[in-house]
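# With the sequence up front, the predicted model follows.
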Protein chains: 2
Amino acid sequence: MEKKQDNLYVSTLARGLKILRAFDESHVSLSLTDLVARTGLEKSAVQRMAHTLHLEGMLERDPNTRRFHPSHAWLQLAYAYYWSDPVIASALPKLIEFSHANGETINLAQMSGDHIIYSLRLPNHRTHFASSIVGRRLPALNTAAGRVMLSTRSDAEISEACASWPVVQRTPKTLTDRAEIGNSIRAARQDGFCITRDQMLLNEISLSAPVKGTDGVAHTAVQISISAIAVNEDEVVEKFLRPLLDTTAGILG
Amino acid sequence: MEKKQDNLYVSTLARGLKILRAFDESHVSLSLTDLVARTGLEKSAVQRMAHTLHLEGMLERDPNTRRFHPSHAWLQLAYAYYWSDPVIASALPKLIEFSHANGETINLAQMSGDHIIYSLRLPNHRTHFASSIVGRRLPALNTAAGRVMLSTRSDAEISEACASWPVVQRTPKTLTDRAEIGNSIRAARQDGFCITRDQMLLNEISLSAPVKGTDGVAHTAVQISISAIAVNEDEVVEKFLRPLLDTTAGILG
DNA sequence: ACCTTAAGTATTAAATAATAATACATACAG
DNA sequence: CTGTATGTATTATTATTTAATACTTAAGGT
């Protein structure tokens, strides 16, 4: 990624982006040397890039600790994204409707390569823990939303994905057997939904339905998260599948 | 901004950022020539920057129209921001609580220079219109949240802000008289809240309370939006001020 | 309080890597 | 089908970035 046979490629810009991407969920504040370590860039390169990003308002700098943080500008970019994606505008009112009618946490997920990314979330009142997951990426094969979206693709694509896409063990019960994941996806194709349990979080049931485009393929899915303490999978399907499908039906993929 | 007496400033990176910032609410998809027009950069500069951003996954390119769009990476940056800001984690559960108890749209706003930026929103079921406002920036003086945050600052700062910060007329009823805005801010200091009407949107009442830090100054505020069709300002204060103050009290500024 | 080490900041010569000009190709419209 | 506009490709030139290093400030241990 550093050197390409491409005379339009501006490596300086790529280096600057690398700085931005060094920040994530578990790296919320980075010093100059942290950035050097995380990006693999030269010390002086990091110095110049971070300095420029700071002047341009893309990085906050704590004058005491001299550490860098993401700035509000990062939210502004998300704002631009939201307006650029017509699915968001179509989905939001439907999700609000569902959330109020059913009182459960509901998310919009989109396919992003071999991951899903959450693009909207309406948390319910039982969501005690601070859970900003908008913008979070998860391996598609590990998630109900990813599988249900995959299930709308061709057999060849499904096989290919099951064979090569990443699978990450997040809980002791995470399904890592690729054949079984394949079965789950093919079941989802039959059922029109996918339900998982304990995959990313213990005691979490996840039910997802696809938002299909005109070609029948889904790049978007709606997903709800339910605590498995009180109910089992069958009860979740029983209770929430119908309203969930009503919700997806109202969204223009 | 193009040329600085600063040998650490990497202008190439700044040019690349300019491309990203060319996208907003009303510019969701830009062609190469659009980008040239909006950024003021050379055609070939835009070509190289956009190309690089595309390869780096920061810009989507429609193969048919050859237009560029924001990519999912823009959401990912927002995700990193969320985790970097401790106020978000503190505020989110409180906002959820309020939203469920009161059923009204509630937002978190933060001061960002002379603007406010919305960093969280929980829409209510009456929010028909697609309203993703997270990341939206508005002139602080025009908003209840901005005024109530300002009201926690010194008189000197308030005067300075009233004199020099931007004021934008968004509706026929938007308050543009700077003296009156000053009065509104000083009233907010006495009251501990600020209420406005018809400022950014007609028939919208906005009630906001500050989240003060240990020094008594607020960089954050909570704000609710209520339709003025059914109720008037007094009724809004009567009904929602107490729960709103309870909410802000629970947030660590 | 001092010394030692690490981290951050500033400077500069060298040359790479970005630039801008322009030519070429493709799409679009009348 | 022709003309115009928009997007793509190429290249010589040099301005800009680079990397090395010196300097300064902060942090940590005894």
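Arrived safely, thanks for sending. Since this is a predicted model, take the numbers as computed values, not measurements.
# Could you report the neighbour count for residue A:152?
Residues lying near residue A:152 (other C-beta atoms under 10 Å in any protein chain shown) number 23. No exception for glycine: its C-beta is placed from N, CA and C like everyone else's.
# Could you find the closest non-adjacent residue to the residue in the stretch 101-250 of chain A positioned nearest to chain B?
Proximity of the stretch 101-250 of chain A to chain B (C-beta to the nearest C-beta) peaks at residue A:135, 2.9 Å away. The spatial neighbour of residue A:135 that comes closest, neighbours along the chain excluded (C-beta to C-beta, 6 or more residues apart in numbering or on different chains), is residue B:79 at 2.9 Å.
# okay, the angle between the helix or strand encompassing that neighbour and helix A:73-84?
For residue B:79, the element it lies in under DSSP states H and E is helix B:73-84. For helix B:73-84 against helix A:73-84, the angle by axes from the mean of the first three to the mean of the last three C-alpha atoms, to 10 degrees is 140 degrees.
# and helix B:73-84, what other elements does it pack with?
Contacts defined by 3 or more C-beta pairs under 8 Å, 6 or more residues apart in numbering or on different chains; DSSP states H and E place helix B:73-84 against strand A:68-70, helix A:73-84, strand A:115-122.
# Tell me which stretches of chain A form helices.
Using DSSP state H, the helices of chain A run over A:11-21, A:32-39, A:43-55, A:73-84, A:86-102, A:144-150, A:155-164, A:178-191, A:233-249.
# Now the helix holding residue B:79: buried residues?
Buried positions in helix B:73-84, judged by neighbour count with 16 or more other C-beta atoms under 10 Å in any protein chain shown: B:73, B:74, B:75, B:76, B:77, B:78, B:79, B:80, B:81, B:82, B:83, B:84.
# Also stretch A:105-125?
Here stretch A:105-125 shows A:105-112, A:114-124 as buried, counting by 16+ other C-beta under 10 Å.
# for stretch A:235-244, same thing?
For stretch A:235-244, burial by neighbour count (16+ other C-beta under 10 Å) applies to A:236, A:237, A:240, A:241, A:243, A:244.
# can you check stretch A:35-50 too?
For stretch A:35-50, burial by neighbour count (16+ other C-beta under 10 Å) applies to A:35, A:36, A:38, A:39, A:41, A:45, A:46, A:48, A:49, A:50.
# So for that stretch, first residue to last residue, what's the gap.
Start-to-end span of stretch A:35-50 (C-alpha to C-alpha, to the nearest Å) is 9 Å.
# Stretch A:199-206 now?
Across stretch A:199-206, first to last residue, C-alpha to C-alpha, it's 9 Å.
# And the contacts of it?
Stretch A:199-206 is contacted from outside by A:138, A:142-145, A:170-175, A:195-198, A:223-229, A:231-233, A:236, using C-beta atoms under 8 Å, 6 or more residues apart in numbering or on different chains.
# From those residues, keep the buried residues only.
Buried among the contacts of stretch A:199-206 (16+ other C-beta under 10 Å): A:138, A:142-145, A:174-175, A:195-198, A:223-226, A:228, A:236.
# Give me every residue in the stretch 51-200 of chain A lying close to DNA strand C.
By C-beta under 7 Å from any atom of the strand, the part of the stretch 51-200 of chain A that sits against DNA strand C consists of A:66, A:67.
# returning to what we had before: who's in contact with the residue of the stretch 101-250 of chain A closest to chain B?
Neighbouring residues of residue A:135 by C-beta under 8 Å, 6+ apart: A:78, A:117, A:118, A:119, B:75, B:76, B:77, B:78, B:79, B:80, B:82.
# Any chance of those residues in CSV with pLDDT as columns?
Formatted as CSV, those follow (pLDDT from 0 to 100):
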residue, pLDDT
A:78, 97
A:117, 98
A:118, 97
A:119, 97
B:75, 97
B:76, 97
B:77, 97
B:78, 97
B:79, 97
B:80, 97
B:82, 96
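# what about chain A, any weak spots by pLDDT?
For chain A, applying pLDDT under 70 flags the ranges A:1-5, A:128-130.
# care to break it down by domain?
Split into domains by automatic domain parsing, chain A comes to A:11-71, A:85-249.
# Burial check on residue A:100, number of neighbours?
Around residue A:100 there are 15 residues (other C-beta under 10 Å).
# The residue nearest to it when sequence neighbours are not counted and residue B:172, how far apart?
Excluding the flanking residues, the one nearest residue A:100 by C-beta to C-beta, 6+ apart is residue B:125, at 3.8 Å. Residue B:125 is 29 Å from residue B:172, where distance means C-beta to C-beta, to the nearest Å.
# By proximity to DNA strand D, which residue of the stretch 101-250 of chain A wins?
Nearest to DNA strand D in the stretch 101-250 of chain A, going by C-beta to the nearest atom of the strand, is residue A:113, at a distance of 21.6 Å.
# Dihedrals phi and psi, that residue?
Dihedral pair for residue A:113: phi 70, psi -120, per degrees, to the nearest 10.
# next one: residue A:193
Backbone torsions of residue A:193, given as degrees, to the nearest 10, read phi -150, psi 170.
# Just give me the residue right at the centre of chain A.
Closest residue to the average C-alpha location of chain A: residue A:117 at 2.0 Å, with C-alpha atoms, centre = their mean.
# Am I right that residue A:86 is in contact with residue A:252?
Yes. When contacts are counted by C-beta atoms under 8 Å, residue A:86 is listed as touching residue A:252 (7.2 Å).
# Give the full set of residues in contact with residue A:44.
For residue A:44, no residue meets the contact criterion (C-beta under 8 Å, 6+ apart).
# do residue A:105 as well
By C-beta under 8 Å, 6+ apart, the contact list for residue A:105 reads A:99, A:121, A:122, A:123, A:124, A:126, A:127, A:224, A:225, A:226.
# Just put those residues in JSON lines and tack on distance to chain B.
What follows is these, written out as JSON lines (distance: C-beta to the nearest C-beta, whole Å):
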{"residue": "A:99", "distance to chain B": "8"}
{"residue": "A:121", "distance to chain B": "10"}
{"residue": "A:122", "distance to chain B": "7"}
{"residue": "A:123", "distance to chain B": "5"}
{"residue": "A:124", "distance to chain B": "8"}
{"residue": "A:126", "distance to chain B": "9"}
{"residue": "A:127", "distance to chain B": "6"}
{"residue": "A:224", "distance to chain B": "16"}
{"residue": "A:225", "distance to chain B": "14"}
{"residue": "A:226", "distance to chain B": "16"}
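# Fine by me, thanks again.
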